[in-house]
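# Next come a sequence and a model predicted from it.
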Amino acid sequence: MKVLLIGGAGYIGTHVSIEFLERGDTVGIYDNLSSGHKENILPGVEFYRGDILETHRLNEVFSLGWDAVIHLAAFKAAGESMLNPAKYSINNITGSLNIIIECIANSVPNFVLSSSAAVYGEPAYLPVDEEHPVNPENYYGYTKLAIERHLEWYRKLKGLNYASLRYFNAAGYDKAGKMTGLEREPANLIPVVMETAVGKRKHLEIFGQDYETRDGTGIRDYVHVTDLASGHVKALDYISSQKKSLTVNLGSEEGLSVLEILNEARRVSGKEIPAVYSGRRPGDPASLVASSTSARELLGWTPVNSSLESIISSTWAVYRKQTS
């Protein structure tokens, strides 16, 4: 299969490329390198530099002929999206529409979307399954939901097969060490913990210590990025063979608290990792944990690398190497 990864030089995209390459697919990456790294583009991958707002460049690359597109090119900082919604409108929504339109124009039949659990908002029940109401509490989450709804229409009107993969919290690094580039200006907990461990930040800021959880800090579902990447391969195989579209959660179905992450990082790294408490952030639920039953039943997908120890040790191995 010939697969084009849009935003494939980033953290998740690199791991997705590993999965496709290892099974013998032809892989291309289209990326503007605003947050991705050229060094993460593996041997055997054809690289096309370009932006998803550059429709002429998109058309040039799409006209080369692809069996599928994996769309991973989005801004993802929830807090920033509330302060600068125009940035997220233009890139996440307009850029995604550009990609969808090029799929139709160039007869690319299959589309896999990097979506997000942010579409759900405050959980009405746990674990969160795909039947849960969608009510995003930040603009980032809204952009993902908007793209999903555009895909539903293009499925009905133009026959585009799509898979919308609602990620929970991607974490960890490939254990073979093929990916070496670190995320730029990360906003997610684990990279921030690691930047504190290596001295790039003075301390970790923990938002809220009075949640109704086992230790007072927020609980999230962390899924190893290698497991997440395998979900893309399985989802593409499903939609291409079944000629059906689907929306599924990809999560570990286990919740980890901020303190559990911090304490494991301290143990694995041997570093103090200073931390301070701040007040809760608006829109942060106490707990958010996935049900991945649909992915398991439809795709045969199970997270096999997503233990706390695996996530933290694989992440620390990369940060220690890159900052030593």
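Looks like it came in fine.

# for the stretch 151-300 of the chain, what spans make up the helices?
Along the stretch 151-300 of the chain, the stretches classed as helices by DSSP state H, counting those that start in this stretch are 189-197, 225-242, 258-269, 293-299.

# right, so of these, which gets closest to residue 103?
For residue 103, the closest of the helices of the stretch 151-300 of the chain is helix 225-242, at 12.6 Å, according to Cβ to Cβ. C-beta: built from backbone N, CA, C; applies to glycine.

# and that closest one, what other elements does it pack with?
Packing partners of helix 225-242 (3 or more Cβ pairs under 8 Å, 6 or more residues apart in numbering; DSSP states H and E): helix 11-22, strand 68-71, strand 110-116, strand 161-167, strand 169-171, strand 246-250, helix 293-299.

# ok and that helix relative to helix 11-22, angle-wise?
On the basis of axes from the mean of the first three to the mean of the last three Cα atoms, to 10 degrees, helix 225-242 is oriented at 60 degrees to helix 11-22.

# Helix 225-242 vs strand 110-116, what angle?
Using the same axes, to 10 degrees, the direction of helix 225-242 lies 140 degrees away from that of strand 110-116.

# so what's the residue nearest to residue 216 when sequence neighbours are not counted up against?
Using Cβ to Cβ, 6 or more residues apart in numbering and skipping residues adjacent in sequence, the residue nearest residue 216 is residue 209, 4.5 Å away. Applying Cβ atoms under 8 Å, 6 or more residues apart in numbering, one finds that residue 209 lies in contact with 216-217, 277.

# now do 10 Å
If you count contacts by Cβ atoms under 10 Å, 6 or more residues apart in numbering, residue 209 has them with 215-218, 258-259, 277-280.

# again, but for residue 320
194, 197-198, 268-269, 271.

# what sits up against stretch 145-160?
69, 71, 74, 89, 92-93, 95-97, 99-101, 103-104, 108-111, 113-116, 118-121, 134-136, 161-164, 166, 239, 243-245, 247.

# Please name whichever of the helices and strands packed on helix 225-242 is nearest to residue 264.
strand 169-171 (11.4 Å).

# which residue sits closest to residue 92, ignoring its sequence neighbours?
Once flanking residues are discounted, residue 92 sits nearest to residue 143: 3.8 Å by Cβ to Cβ, 6+ apart.

# For residue 284, give me the pLDDT.
Note for residue 284: predicted pLDDT of 82.

# Output the helices of the stretch 151-300 of the chain in JSON lines; the columns should cover mean neighbour count and mean pLDDT.
Shown next, in JSON lines, are the helices of the stretch 151-300 of the chain (neighbours: other Cβ atoms under 10 Å; pLDDT from 0 to 100):
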{"stretch": "helix 189-197", "mean neighbour count": "22", "mean pLDDT": "96"}
{"stretch": "helix 225-242", "mean neighbour count": "22", "mean pLDDT": "98"}
{"stretch": "helix 258-269", "mean neighbour count": "19", "mean pLDDT": "98"}
{"stretch": "helix 293-299", "mean neighbour count": "17", "mean pLDDT": "98"}
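
# JSON lines for those, including distance to residue 204?
Listed next are the helices of the stretch 151-300 of the chain as JSON lines, based on distance: least, Cβ to Cβ, whole Å:
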{"stretch": "helix 189-197", "distance to residue 204": "5"}
{"stretch": "helix 225-242", "distance to residue 204": "21"}
{"stretch": "helix 258-269", "distance to residue 204": "7"}
{"stretch": "helix 293-299", "distance to residue 204": "31"}
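
# Compare these and give me the one nearest residue 55.
With Cβ to Cβ as the yardstick, what comes closest out of those is helix 225-242 (24.5 Å).

# ok, residue 226 touching residue 250?
No - assessed by Cβ atoms under 10 Å, residue 226 is found out of contact with residue 250, at 11.8 Å.

# any residues in contact with both of those two?
Counting by Cβ under 10 Å, 6+ apart, the shared contacts of residue 226 and residue 250 are 170, 303.

# sorry, back to before: quick one: closest of the helices of the stretch 151-300 of the chain to residue 171.
helix 189-197 (5.0 Å).

# What is the closest one packed up against?
strand 169-171, strand 204-207, strand 219-224, helix 258-269, helix 308-323 (3 or more Cβ pairs under 10 Å, 6 or more residues apart in numbering; DSSP states H and E).

# just to revisit the earlier point, out of the helices of the stretch 151-300 of the chain, flag the one nearest residue 321.
The closest of the helices of the stretch 151-300 of the chain to residue 321 is helix 189-197. By Cβ to Cβ, the value is 11.6 Å.
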